[in-house]
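Trainee: coordinates only, sequence not included:
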């Protein structure tokens with residue numbers, strides 16, 4: 001904007017620019033260097049008058065509130081999917097691939113479900129056997145897999161963190177989970 005490589009910023013709505021009150025200062029900064037800020041739904045966002053600054057502040061404050069409400073709805077919907085035993089999305093865990101479930105989401109998207117990839121599942125079973133039956137730790141299991149030449153998940157070699165991730169993932173025990181990396185106050 002300062003280099004005057006564009007003179008208009010156009011978005012669908014102001015929430016595409018930002019969802020926090022401080023983004024109103026971005027509009028002011030853009031306007032100050034000669035860039036007009038427009039949205040398809042709300043029209044031009046001005047920053048010339050004191051009232052413009054207040055309106056922009058309120059607009060982005062409202063965007064933040066709407067974003068929080070949307071986030072809560074998404075979290076609640078995902079929680080219900082987990083309770084119903086459905087895969088909530090994301091990358092398939094090692095040992096699985098994603099296939100169409102035959103169900104369609106409320107948004108018209110094909111829902112997927114994990115399906116076992118037998119060659120990788122055999123490695124997962126080997127990891128659990130090493131941990132449970134042989135009492136091996138993460139590093140020893142990784143070393144054993146590397147020595148056997150078993151291809152690693154994403155890198156050239158198995159790492160203890162990858163082994164820990166597999167052993168701690170509830171999906172291998174038949175459970176879906178959310179927010180496994182979030183501190184829930186404990």
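Mentor: Yep, it's here. Since this is a predicted model, take the numbers as computed values, not measurements.
Trainee: buried stuff in stretch 147-162?
Mentor: Residues of stretch 147-162 classed as buried: 158-159, 162 (neighbour count, 16 or more other Cβ atoms under 10 Å). Where C-beta positions appear, they are placed from N, C-alpha and C, glycine not excepted.
Trainee: could you list which of those belong to helices?
Mentor: Mapping the buried residues of stretch 147-162 onto helices (DSSP state H) picks out residue 162.
Trainee: quick one: list the elements packing against the helix ranked longest in the chain.
Mentor: Ordering each helix of the chain by length in residues (DSSP H) puts helix 50-83 first. Under the contact criterion of 3 or more Cβ pairs under 8 Å, 6 or more residues apart in numbering; DSSP states H and E, helix 50-83 touches helix 24-32, strand 43-45.
Trainee: so what touches the helix or strand following it?
Mentor: Next in sequence after helix 50-83, counting helices and strands by DSSP states H and E, comes strand 96-104. Here strand 96-104 makes contact (Cβ atoms under 8 Å, 6 or more residues apart in numbering) with 86-87, 92, 110-117, 120-121, 171.
Trainee: let's see 7 Å
Mentor: With contacts defined as Cβ atoms under 7 Å, 6 or more residues apart in numbering, strand 96-104 is touched by 92, 110-117.
Trainee: ok, so of the buried residues of stretch 147-162, who is nearest residue 11?
Mentor: Comparing the buried residues of stretch 147-162 against residue 11 with Cβ to Cβ places residue 162 closest, at 40.4 Å.
Trainee: any idea how far residue 95 is from the closest residue to the closest one other than its chain neighbours?
Mentor: Nearest non-adjacent residue to residue 162, counting by Cβ to Cβ, 6 or more residues apart in numbering: residue 153, 5.6 Å away. Separation of residue 153 from residue 95 (Cβ to Cβ, to the nearest Å): 9 Å.
Trainee: same question for residue 36.
Mentor: As judged by Cβ to Cβ, residue 36 and residue 95 stand 53 Å apart.
Trainee: now residue 146
Mentor: Residue 146 is 18 Å from residue 95, by Cβ to Cβ.
Trainee: about what we covered before: between residue 36 and residue 95, who's got more neighbours?
Mentor: Set residue 36 next to residue 95 and count neighbours by other Cβ atoms under 10 Å: residue 95 wins out with 22 against 14.
Trainee: what residues are up against that one?
Mentor: Applying Cβ under 7 Å, 6+ apart, the residues near residue 95 are 116-117, 120-121, 124.
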